[in-house]
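>>> With the input below, show me the fold.
(4 chains)
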2 protein chains.
Amino acid sequence: MEPKLNVWLEVEGEVMLSVWRVELLTAVSQTGSISAAAVHMGVPYRIAWQKIHEMESRLGQKLVETQTGGKHGGGASLTPLAQDYIDRFTQISQELDAVLQERFQAIFLPDAPE
Amino acid sequence: MEPKLNVWLEVEGEVMLSVWRVELLTAVSQTGSISAAAVHMGVPYRIAWQKIHEMESRLGQKLVETQTGGKHGGGASLTPLAQDYIDRFTQISQELDAVLQERFQAIFLPDAPE
DNA sequence: TAATCGTTATGATAATTTATCATAACGATT
DNA sequence: AATCGTTATGATAAATTATCATAACGATTA
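So this is what the prediction gives:
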């Protein structure tokens, strides 16, 4: 049995940011395009694009700058705001993960051998 | 914007216990029947019954004792094991909630007035 | 200046999941 | 033997989510 955790930020009851979405944004940053990020996340391009637009719509600000056309067809990069959200969210998420592991050990497996 | 959290326990990749499911079990305990618990949770009886059986199936042990027939038609009560899981899970869940609130304040709203 | 390229953008459809509806079975009590 | 509100479960509907297919973009290149 394993404990699981999800953290997310809501705006007016709808998901704006989550662990998965932060991964997606990070992948956009690292690959330079939404389509490559989609491959990296194992979902169709459509899904990745949709999630990004959901995030932007719910936040009311741009998170991803996109370009169509050009030699390489275009691409995408993160706004500084997006990187800021990634950093803060990741910090909270990691801290909660650590607490969960520790507390699960203590409360469900208190007599585990050293 | 508000931070949200979900915690759950998985067995072989499937949800065995979650915040919602603990609420459901608690409602069964308080009302004495699955049907009344379903009303309390705002879902059809079928859903409540199904979730309970999922939990039992995935845990491999009984969580709810049920009776059909009788003057009042039957009823349901929790096994001691179920109560034990409720107690431990609730403890973890509440602690994580507290940490989330505190960390969100610190990381996203560091300059809030006292 | 027109063809090229891989990307963004989006409509339409399919699949999966989840919820709802309806009905049978139960059995102590009366 | 009839009654009652419950448990149990099959069948269907709704909602959500994912997939497929295609159009639009535009700097670069020849």
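
>>> Show me what the helix or strand where residue A:95 lies is packed against.
Following DSSP states H and E, one finds residue A:95 within helix A:80-108. For helix A:80-108, the contact count by 3 or more Cβ pairs under 8 Å, 6 or more residues apart in numbering or on different chains; DSSP states H and E identifies strand A:2-11, helix A:19-31, strand B:2-11, helix B:80-108 as packing neighbours. Glycine gets a C-beta too; all of them are placed from N, C-alpha and C.

>>> now do 7 Å
The contact analysis (3 or more Cβ pairs under 7 Å, 6 or more residues apart in numbering or on different chains; DSSP states H and E) places helix A:80-108 against strand A:2-11, helix A:19-31, helix B:80-108.

>>> Out of these, which gets nearest to residue B:51?
helix B:80-108 (12.8 Å; Cβ to Cβ).

>>> average pLDDT across that closest one?
Across helix B:80-108, the average pLDDT comes to 97.

>>> same thing with stretch A:35-46?
Averaging pLDDT along stretch A:35-46 yields 95.

>>> what does it contact?
A:23-24, A:27-28, A:31, A:34, A:47-48 (Cβ atoms under 7 Å, 6 or more residues apart in numbering or on different chains).

>>> Go through it and flag the buried ones.
Across stretch A:35-46, burial judged by 16 or more other Cβ atoms under 10 Å in any protein chain shown covers A:35-38, A:40-41.

>>> show me the contacts for whichever residue of chain A sits closest to DNA strand D.
When scored by Cβ to the nearest atom of the strand, chain A has residue A:69 as its residue closest to DNA strand D, at 1.8 Å. With contact set as Cβ under 7 Å, 6+ apart, residue A:69 has no partners.
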